[in-house]
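1. Dropping the sequence and predicted coords here.
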Amino acid sequence: MKKRSITKLINEAAKKSKVGKYNKEDTSHKRKIDWPVDCNIGPGLEGAIACETKIGYINGSRGQMIYRGYDIFDLAANSTYEEVSYLLLYGNMPTIKQLEIYKNKMIKYRTIPNTLRNLLGFPIEDMHPMAALRLGTNLMRHRLTWRDSDSAKPDFTEAIASDEDSIPMETQPYGEKHAKYEFKKQKTGRPADANKITDDAISRDTCIRLTSGLATLAAAIARIREDKLPIDPDPELSHAANFIYMMTGKKPNKEEERVMDVCLILHADHGMNASTFASLVVASTLSDIYLSIGAGIAALSGPLHGGANEAVIKTLETIGPVENVDAWFAKTRSKKTKIPGFGHRVYKAYDPRALILAPLAKQLTADTHEEGSVFDTANRLEELVVSTLGKEKGIFPNVDFYSGLVYRGLGIPDAMFTPIFAVSRVAGWTARIDEYLQNNRIFRPRAAYTGDFGNKYVPIKKR
């Protein structure tokens, strides 16, 4: 198969996304929020508006995805992960000088030998990679900050009780517009014994450290799981190329580097998903960013959030060759069984990330008989689902349907698929934490009580 430019493949995918009724420009969402706001809320806070953001926007009915005003197709075709992570954090595209400074920081922060030394003291080979990644984040916090020292305890005289903070919002019907007690700014006293430690765990530098360091951690975990020692990052390589190199021990070619860069860009942010919300909830208590990102990793570990691309690969392998797809689909549909990689909580049109990843997966797997066969199976399954469930229920491939095939084409083991998600998403997590803390308000939703009243205590001997 003749290799084609990755940029050209993405631009062709962008044209596909503009076919149909869902992709007209939509600016109706852009308005000043006048709190409190009325909205329809479902279980799990579905539909709830918890905060304002300028970082990312998704219109699921139109298949539209935007970072800071930039269309995802435009960014995937032309940008790099370094540029996009800068954009998410700082709110604008960097100048040449700004990008150079930012890249140099990423190079510096990508090297975390003391953290890796500590990590090697744990049985990483016996741990799930996401558990190991969460542990590694805590070890980064321990090595790079003073937050674990006894002298770093917060000043509790500045704190308030959580129930006090919630009283205004418990008042019917809407409560008061502002809490009587709330933090205005996080106070961080630097301990006297912390003079050699530069990371305060709450700054934008912390965000950059985590964005760089998580890639090194994930790559090291991949190596340790294969009974190999971690590889030091190469300062001459890009973030995407370094990630592949540190994981596989092989420096990627230009196409492989470009594809990984695109994957990292596509996963960098995606609205108020579970892991982003978990990170923000922890950050809103004025905990530090390391612990907040640990919460995001923990949420992403759940099978309803991360790991769907692994399930897709297993499904495709279960189906077998392409000639089995039609019979398998008919049987699965008759049982009304959900097919991994299709449908999305937000999208009722094509997930733009899936449109981009599909041709990349096809090109990457074309030269390998086994993976190329799996792609053919995936492609036929997509045709069947879109022609039936797509028309009937708005069910289309999501980002997970092709991402696993892309990672396999890059020589990455299945167990590392979800950690790659975290390595990318940390840019969005940290950017949203940084934004939210500028006008922080501790999260405190309510639950509708449906239990009993008036129960009388009965001594245990009479029960």
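-> Structure received. Only a predicted model underlies this, so the values are computations on that prediction, with no experimental measurement involved.

2. Could you find the closest non-adjacent residue to D227?
-> E125 (7.0 Å; C-beta to C-beta, 6 or more residues apart in numbering). To be clear about C-beta, it is placed using only N, CA and C from the backbone, and glycine gets the same treatment.

3. can you pull the contacts of the one you found?
-> By C-beta atoms under 8 Å, 6 or more residues apart in numbering, E125 lies in contact with I224, R225, D227.

4. Can you convert those residues into JSON lines and add a column each for distance to H270, neighbour count and secondary structure?
-> Output for the contacts of E125, formatted as JSON lines (distance: C-beta to C-beta, whole Å; neighbours: other C-beta atoms under 10 Å; DSSP: H, G, I helix; E, B strand; the rest coil):
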{"residue": "I224", "distance to H270": "29", "neighbour count": "21", "secondary structure": "helix"}
{"residue": "R225", "distance to H270": "27", "neighbour count": "18", "secondary structure": "helix"}
{"residue": "D227", "distance to H270": "35", "neighbour count": "7", "secondary structure": "coil"}
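
5. Including distance to T80 and pLDDT, could those go into a markdown table?
-> Below are those laid out as a markdown table (distance: C-beta to C-beta, whole Å; pLDDT from 0 to 100):
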| residue | distance to T80 | pLDDT |
| --- | --- | --- |
| I224 | 28 | 97 |
| R225 | 28 | 96 |
| D227 | 33 | 95 |
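
6. can you tell me how far the residue nearest to D227 sits from K228?
-> To K228, E125 is 10 Å away according to C-beta to C-beta, to the nearest Å.

7. How about N40?
-> N40 is 52 Å from K228, by C-beta to C-beta.

8. Comparing those two, which shows the higher neighbour count?
-> K228 (11 against 7; other C-beta atoms under 10 Å).

9. was I right about that one contacting G249?
-> Yes. Using C-beta atoms under 8 Å, K228 makes contact with G249 at a distance of 7.3 Å.

10. that older thread, next, the residue nearest to D227: phi, psi?
-> phi -60, psi -20 (degrees, to the nearest 10).

11. same question, S5
-> Dihedral angles (degrees, to the nearest 10) for S5: phi -60, psi 130.

12. what's the pLDDT at it?
-> As summarised for this prediction, S5 has a pLDDT of 94.

13. now the one 3 residues further on
-> The model reports K8 with a pLDDT of 96.

14. helices and strands around the helix or strand it falls within, which ones?
-> Following DSSP states H and E, one finds K8 within helix 6-17. With contacts defined as 3 or more C-beta pairs under 8 Å, 6 or more residues apart in numbering; DSSP states H and E, the packing partners of helix 6-17 are helix 72-78, helix 254-266, helix 352-365.

15. Identify all contacting residues around the following helix or strand past the second one.
-> Sequence-wise, the next helix or strand beyond helix 254-266 is helix 274-284, with elements assigned using DSSP H and E. With C-beta under 8 Å, 6+ apart as the test, helix 274-284 has contacts from 45, 50-51, 269-270, 272, 289, 291-300, 302, 304-306, 425, 428-429, 432-433, 436-437, 440-443.

16. what angle separates the helix or strand following helix 274-284 from helix 274-284?
-> Downstream of helix 274-284, the first helix or strand assigned by DSSP H and E is helix 289-300. Relative orientation of helix 289-300 and helix 274-284, computed by axes from the mean of the first three to the mean of the last three C-alpha atoms, to 10 degrees: 150 degrees.

17. if we can go back for a sec, pull the distance from the helix holding K8 to the chain's centre.
-> Chain-centre distance of helix 6-17: 23 Å, with C-alpha atoms, centre = their mean, to the nearest Å.

18. What residues sit buried inside it?
-> I6, L9, I10, A13, A14, K16, S17 (16 or more other C-beta atoms under 10 Å).

19. now those in CSV, with distance to P459?
-> Converted to CSV, the buried residues of helix 6-17 look like this (distance: C-beta to C-beta, whole Å):
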residue, distance to P459
I6, 73
L9, 73
I10, 71
A13, 70
A14, 71
K16, 71
S17, 67
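
20. any idea which of the helices and strands packed on helix 6-17 is most buried?
-> When those are scored by mean count of other C-beta atoms under 10 Å, the highest mean neighbour count falls to helix 352-365 (a mean of 25).

21. now the angle from that helix to helix 6-17?
-> Using the same axes, to 10 degrees: helix 352-365 against helix 6-17 is 140 degrees.

22. other SSEs contacting helix 352-365?
-> helix 6-17, strand 64-67, helix 72-78, helix 254-266, helix 369-385, helix 399-409.

23. helix/strand/coil for D148?
-> At D148 the chain is in coil, as set by DSSP: H, G, I helix; E, B strand; the rest coil.

24. State the distance from it to D288.
-> Taken as C-beta to C-beta, the span from D148 to D288 is 10 Å.

25. what sits in contact with each of these two?
-> By C-beta under 8 Å, 6+ apart, the residues touching both D148 and D288 are R141.

26. and these two? which has more neighbours close in?
-> Legend: neighbour count by other C-beta under 10 Å for D148 and D288, higher for D288 (22 against 10).
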